[in-house]
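Q: Build me a structure from this.
(one chain, ligands or ions: 1)
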Amino acid sequence: MDRLDVAETFHGITFPGHLHTQETFQYAMSFKFQDTDTLIVTYPKSGTTWMQEMVTLVSSKGNPVRAQTQPNWMRAPWLEQYYCPQVLKASQGPRFLTTHLPYQLLATALQGTKTKVIYVARNPKDVVVSYYHFHKMANFLPNPGTFSEFLSGFVKGTVHYGSWFDHVKGWTSNSGNIHNFLYITYEDMSQDLRGSLERVSRFLQCPLVEEELTSAERSCSFSSMRENSMVNYTLVPKEIMNHNKGKFMRKGKIGDWQNIFSEEQSCSFDEVFASEMSESSLEFVWKNPEETSLNTWTDTEHLLRHAA
Ligand SMILES: Nc1ncnc2c1ncn2[C@@H]1O[C@H](COP(=O)(O)OS(=O)(=O)O)[C@@H](OP(=O)(O)O)[C@H]1O
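A: The predicted structure is shown next:
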């Protein structure tokens, strides 16, 4: 089957036309948020599905049944995707929603509401690597070309969903305009899943006792989510996502960028990052501290000498 990669442009940003139309963007921009809503906001590949699982487990007090029986896109539909109205019509209780849209497109709709916003960010070197691999298996995204070509589009902000820098800066610099805002990173979740679940449970005002937290932690682990067809996207027809070409739950690690970025690409990305983020106080974890301690020859040599 041909790729489904028709692009839809809105406010100068391209989006996959397979999921979005001008009408769906209008629907999102004029969405009537309720004070009891929770909106998960991410740039793609930053931990969206993970947070969808976390809010599901927190709101169900660690009971895994909902997470194991209902796909993530039904539990927390993307505001800007075409099926959102039908899903919400059928849903009951406090609503969980998801969006990849930049702040400026939702600012008016969120104004004056008490909707809770959870912004999940991930270090952009890992984002671009995850995004690159996703383009290879998701037929509704354009062929990414070489990593170098894709990286260049990512840095320029011409990839689908636009610039990572604009997205992160837009939402975080306007967080003061949002009544209830939680900023959390993929790396926080990776390094301290239990602590991150506790932060989410405090934010949602949904306290969990120790056993509930333990159960939530188990369900939100990478190994558990990789096997859960309700979140690993194996329910999606292979014409749309071809799992023979790569897995949605791919590696789930901090620092995988080191396996693909060249030294030169890394240095030039660091320069762009420093300039784009010069006004921002956000800091990112770029490497897994547990893996980096033996990453250099000096460290290894040091250890071997000690052992001798
Ligand atoms: N539980 C858990 N632990 C660690 N990592 C996890 C977990 N769940 C999802 N992931 C990883 O998140 C990446 C997918 O990001 P998104 O869910 O934001 O993708 S999407 O925007 O909804 O397409 C993708 O990252 P990569 O593995 O680096 O490609 C997933 O593997």
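Q: What mean pLDDT does stretch 156-171 get?
A: Per-residue pLDDT over stretch 156-171 has a mean of 98.
Q: May I ask which helix or strand encompasses V120?
A: strand 116-121 (DSSP states H and E).
Q: near the ligand, anything from that strand?
A: No - Strand 116-121 is not in contact with the ligand by C-beta under 6 Å from any ligand atom; minimum separation 7.5 Å. Bear in mind the C-beta positions are built from the backbone N, C-alpha and C, glycine included.
Q: could you point out which element follows that strand?
A: helix 124-137.
Q: Which residues does the helix or strand just after that following helix contact?
A: Next along the chain after helix 124-137, taking DSSP H and E as the criterion, comes helix 147-156. Helix 147-156 is contacted from outside by 124, 128-129, 131-132, 135, 144, 159, 163-164, 260-261, 265, 269, 272, using C-beta atoms under 8 Å, 6 or more residues apart in numbering.
Q: from those, which is closest to the ligand?
A: V129 (6.5 Å; C-beta to the nearest ligand atom).
Q: Quick one: name the residues of the protein near the ligand.
A: Contact residues (C-beta under 6 Å from any ligand atom) of the chain with the ligand: 42, 44-50, 126, 130, 133, 190, 220-222, 225, 249-252, 256.
Q: Lowest mean pLDDT among the helices and strands of the chain, which one is it?
A: When each helix and strand of the chain is scored by mean pLDDT, DSSP states H and E, helix 297-307 comes last, with a mean of 48.
Q: Show the residue spans covered by the helices in the stretch 151-300 of the chain.
A: In order along the chain, the stretch 151-300 of the chain carries the following helices (DSSP state H, counting those that start in this stretch): 164-173, 186-191, 193-203, 210-219, 222-227, 263-276, 289-292, 297-307.
Q: Test my guess that Y103 contacts G170.
A: Yes - judged on C-beta atoms under 8 Å, Y103 makes contact with G170 at a distance of 3.7 Å.
Q: ok, those two, which is more surrounded?
A: Y103 (22 against 19; other C-beta atoms under 10 Å).
Q: so who does the more buried one touch?
A: Going by C-beta under 8 Å, 6+ apart, Y103 touches H167, G170, W171, N174.
Q: I'd like the distance between the third one and the ligand.
A: Looking back up the chat, that one is W171. Counting by C-beta to the nearest ligand atom, to the nearest Å, the gap between W171 and the ligand amounts to 14 Å.
Q: Tell me the one of the contacts of Y103 nearest the ligand?
A: H167 (11.6 Å).
Q: Identify the residue spatially nearest to that closest one, adjacent ones excluded.
A: Nearest non-adjacent residue to H167, counting by C-beta to C-beta, 6 or more residues apart in numbering: Y43, 4.3 Å away.
Q: Quick check: the gap between the one residue in the stretch 51-200 of the chain that gets nearest to the ligand and E264.
A: Relative to the ligand, the nearest point of the stretch 51-200 of the chain is S130 (3.3 Å; C-beta to the nearest ligand atom). S130 is 21 Å from E264, where distance means C-beta to C-beta, to the nearest Å.
Q: what do you get for Q34?
A: 49 Å.
Q: returning to that earlier point: filter the contacts of helix 147-156 down to the buried ones.
A: Among those, those classed as buried by 16 or more other C-beta atoms under 10 Å are 124, 128-129, 131-132, 135, 144, 159, 163-164, 260-261, 265, 269.
Q: Would you point out the most distant pair within those residues?
A: Using C-beta to C-beta, the buried ones among the contacts of helix 147-156 span at most 20.6 Å, a distance reached by S163 and I260.
Q: just for this protein, where's the confidence low?
A: 1-3, 292-308 (pLDDT under 70).
Q: can you count the residues close to M54?
A: Count around M54 with other C-beta under 10 Å applied: 28.
Q: Could you verify that it is part of a strand?
A: No - assigned with DSSP: H, G, I helix; E, B strand; the rest coil, M54 falls outside any strand and is helix.
Q: wait, doesn't it sit right on R199?
A: No - using C-beta under 8 Å as the test, M54 is too far from R199 to be in contact (9.6 Å).
Q: circling back: ok, the residue of the stretch 51-200 of the chain closest to the ligand touching G252?
A: No - counting by C-beta under 8 Å, S130 does not reach G252; the two are 9.4 Å apart.
Q: Cool, thanks, signing off.
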